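[1] I would like to see how this sequence folds:
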Amino acid sequence: MNFGLCHNVSRQIRFISLRRVQIDLRSSPLKCFCRVYVPLVAHKKKWQEYKHKRTKFEYERSNHFWQHFWSLFTTRGGITASSAFSIFSWFKWHKEEDITPETKLVEAIKRSVLCIQREQFDKAEQMLHLALRMAQDINSKEGIIYIYDVMANLAMEREQYTKAEKLFADVMRSLLADGHTETSPQILHISSKLAHMAQLQGDLEKAQLGFVWTLKGIQKNIEELDYDKDVQELFGLTKNWFGQLQLRQAKYEDAKKNFQEAFELLTDLYGPSNDKIIIILNNLSVTCVHLEDYTGAKNYIEHALTIAKDLNDIAQQGILEANLGLIYFHEGFLAKAKQICQNAYRIGKKCNNDDAVEQAEYCLNEIKATSASE
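    I've put the predicted structure just below:
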């Protein structure tokens, strides 16, 4: 878990950063791509009928994301998925009776993606290696690159950063050999993730250089190209990650500016009520605490809570409630803070969210320690 530390008070208070399914803006575009819907249909025949109707739609949806190489991670969430190559336009749709090596490869990739969504990571990795051998057997260049990218995102999600960096480097070399330039959106997306991983590993100088270079490249794309949704999404994702780095560097005003720009970009793309916005609002709240703007911090958290409730996102709600309790604790309103953190604890227990339970316990322990010393 990532915690922001408040250095402006005598007692250091931690605020947990949301790890949202599939766009913890630490997220990965993979997870948005991977969002294959599996209905809770008990009867096998009904499931087969449902799958027949849905599957083609899901492949077409995935193809849209992969046209510009968004292989998100997110996060949880969410990190948000696209690609430099249209792999699913290459994997054309076939009827069930038209079984070919290509359709078998598609099925293997699809199963891997489902395993990732179910957080069966070991099984997903095994299936991806199987899919890679299948792609190599049929000499599918596009399939091989695609699978390496999914593997890289999976490694990033599992915090296997050295492995993820090597896999992303392989993908980048393949894309460059295929005619892409250093400032193409596909390359810039990988660069953004590499910078983010450097930040997560504590190499802040490398992360700084990476984000500055990536943002310049994205800005150039925006100026030279017509409006592109995927480039705008990449811009918002990178701005948010850069803001997280600046928080660690204690550049709070700069961090706030980047979070606000990320908020505006992703709100324009997805509307005012989506899980990506929740994460950025939480980051803005933490930044305001560092700036001792407690009113602003509460406003951002309460906005995020409203969205979480609208989306029935109980897991996020528990963490947000705990962070809100810490803000009230920060201001000295111990009774109010205790009430909110107790509610956060109940929510966390109800939805089996260890992060929410841990943060609520931390908040309650801080309140207890402060009360005992008075």
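[2] the residue lying closest to residue 291 once chain neighbours are set aside: how many residues sit nearby?
    Leaving aside its chain neighbours, residue 291 sits nearest to residue 252 (5.2 Å; criterion: CB to CB, 6 or more residues apart in numbering). C-beta here means a position set from N, CA and C on the backbone, and glycine is covered the same way. Neighbouring residues of residue 252 were enumerated by other CB atoms under 10 Å; the total is 20.
[3] what's the distance between residue 252 and residue 236?
    Computed with CB to CB, to the nearest Å, the distance linking residue 252 and residue 236 is 20 Å.
[4] the helix or strand hosting residue 212: how far from the chain's middle?
    Using DSSP states H and E, residue 212 maps to helix 204-224. Taking CA atoms, centre = their mean, to the nearest Å, one finds helix 204-224 lying 19 Å from the centre of the chain it belongs to.
[5] beyond that helix, next helix or strand please.
    Toward the C-terminus, helix 204-224 is succeeded by helix 229-248 as the next helix or strand (DSSP H and E).
[6] neighbours of residue 100, how many?
    Neighbours around residue 100, by other CB under 10 Å: 10.
[7] could you give the backbone dihedrals for it?
    phi -130, psi 170 (degrees, to the nearest 10).
[8] packing partners for the helix or strand harbouring residue 114?
    Per DSSP H and E, residue 114 falls inside helix 101-117. Contact here means 3 or more CB pairs under 8 Å, 6 or more residues apart in numbering; DSSP states H and E; on that basis helix 101-117 packs against helix 29-33, helix 121-137, helix 141-157.
[9] any chance of the ones you listed in a markdown table, with distance to residue 191 too?
    A markdown table is the format used below for these (distance: least, CB to CB, whole Å):
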| stretch | distance to residue 191 |
| --- | --- |
| helix 29-33 | 14 |
| helix 121-137 | 23 |
| helix 141-157 | 13 |
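[10] so which of these is the most surrounded?
    The highest mean neighbour count among those belongs to helix 29-33 (a mean of 30), with neighbours defined as mean count of other CB atoms under 10 Å.
[11] pLDDT of that one, averaged?
    Across helix 29-33, pLDDT averages out at 29.
[12] does residue 194 touch residue 210 like I think?
    Yes - here residue 194 reaches residue 210: they are 5.9 Å apart, a contact under CB atoms under 8 Å.
[13] doesn't residue 283 fall inside a helix?
    Yes - looking at residue 283 with DSSP: H, G, I helix; E, B strand; the rest coil, it is inside a helix.
[14] excluding sequence neighbours, find me the nearest residue to it.
    Spatial nearest neighbour of residue 283, excluding adjacent residues (CB to CB, 6+ apart): residue 259 at 5.0 Å.
[15] A helix includes that neighbour, no?
    Yes - looking at residue 259 with three-state DSSP, it is inside a helix.
[16] contact partners for the residue nearest to residue 291?
    246, 287, 290, 291 (CB atoms under 8 Å, 6 or more residues apart in numbering).
[17] in helices, which of those fall?
    Residues of these located in helices (DSSP state H): 246, 287, 290.
[18] which pLDDT does the model give the last one?
    Residue-level confidence at residue 290 comes out at 94, pLDDT.
[19] now do it against residue 243, distance only.
    12 Å.
[20] quick one, which of the two is more surrounded?
    The residue with more neighbours, out of residue 290 and residue 243, is residue 243; 27 against 21, by other CB under 10 Å.
[21] what's the closest non-adjacent residue to that one?
    Nearest non-adjacent residue to residue 243, counting by CB to CB, 6+ apart: residue 258, 3.7 Å away.
[22] so that neighbour touches residue 242, yeah?
    Yes - counting by CB under 8 Å, residue 258 does reach residue 242; the two are 5.1 Å apart.
[23] circling back: want to throw the ones in helices among the contacts of residue 252 into TSV with distance to residue 265?
    Output for those, formatted as TSV (distance: CB to CB, whole Å):
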residue	distance to residue 265
246	17
287	17
290	22
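[24] quick check: of those, which lies closest to residue 139?
    Checking the ones in helices among the contacts of residue 252 against residue 139 by CB to CB gives residue 246 as the nearest, at 45.4 Å.
[25] residue contacts, that closest one?
    By CB under 8 Å, 6+ apart, the contact set of residue 246 is 252, 254, 255, 258.
[26] of those residues, which belong to strands?
    Using DSSP state E, no member of these falls in strands.
[27] could you pick out the buried ones from these?
    Applying 16 or more other CB atoms under 10 Å to the contacts of residue 246, the neighbour count classes 252, 254, 255, 258 as buried.
[28] quick check: which element contains the residue lying closest to residue 213 once chain neighbours are set aside?
    Using CB to CB, 6+ apart and skipping residues adjacent in sequence, the residue nearest residue 213 is residue 191, 6.8 Å away. Assigned by DSSP H and E, residue 191 belongs to helix 185-200.
[29] quick one on the thing from earlier: of the helices and strands packed on helix 101-117, which is nearest residue 367?
    The closest of the helices and strands packed on helix 101-117 to residue 367 is helix 141-157. By CB to CB, the value is 33.9 Å.
[30] downstream of that closest one, the next helix or strand is which one?
    Counting by DSSP H and E, the element after helix 141-157 in chain order, helix or strand, is helix 161-177.
[31] list the buried residues for that following helix?
    For helix 161-177, a neighbour-count test (16+ other CB under 10 Å) marks 161, 164, 165, 167, 168, 170, 171, 172, 174, 175 as buried.
[32] fine by me, thanks again.
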